[in-house]
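K.L.:
Kindly return the folded structure for what I paste below:
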Amino acid sequence: MASPDDEVMVIEDEPEARTYLVKILELEGFKVVAYGNGADALAALKSQNDLPCLIVLDMRMPVMDGPRFRAALLADARLSVIPVVVVTGFDPSAAAKLSAIRIFRKPIDIDAFLGTVRENC
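P.N.:
Residues are numbered from 1 along each chain as shown. I've put the predicted structure just below:
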């Protein structure tokens, strides 16, 4: 089980997918914050002192998509150290350019996904 201080950030625009990811992470004991686009998530990260142990990032979203969010994260020395896991329903080859620690294609392998989260939190 996760420590109560282990916070995971989920950035996913599709409400059903976001709810699903949040629920499985919470069942494992993680504290979860979720956003529907990269812009809202980036603003939250820049305004808080404590950073999440991991970010789960969707690729295609309105306002700020996964690649633009990841570029902004990597450009910020404080935020660039947060491990990112990409979850995508599309061709994962585009996600390979994001320097993510792991890429999961939807529907995701829950055991492998949770194992990756546990390894980094």
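
K.L.:
C-alpha only now, for contacts and for neighbours.
P.N.:
OK.

K.L.:
quick one: buried residues of the helix or strand residue 116 falls within?
P.N.:
Take DSSP states H and E as the rule and residue 116 turns out to sit in helix 110-120. The neighbour-count check on helix 110-120 (16 or more other CA atoms under 10 Å) flags 113, 117-118 as buried.

K.L.:
before we move on, what about stretch 16-26?
P.N.:
By 16+ other CA under 10 Å, the buried positions in stretch 16-26 come out as 18, 21-22, 25.

K.L.:
Which two among the residues you listed are spaced furthest apart?
P.N.:
Maximum pairwise distance among those (CA to CA): 10.8 Å, between 18 and 25.

K.L.:
related to what we said a few turns ago, what is the nearest of the buried residues of helix 110-120 to residue 60?
P.N.:
Distances from residue 60 to the buried residues of helix 110-120, taken by CA to CA, are shortest for residue 113, at 19.3 Å.

K.L.:
tell me the pLDDT at the closest one?
P.N.:
Note on residue 113: pLDDT of 97.

K.L.:
What's the local residue count around the closest residue to it other than its chain neighbours?
P.N.:
For residue 113, ignoring the flanking residues on the chain, the nearest one in space by CA to CA, 6 or more residues apart in numbering is residue 104 at 7.5 Å. Residue 104 has 19 neighbours, counted by other CA atoms under 10 Å.
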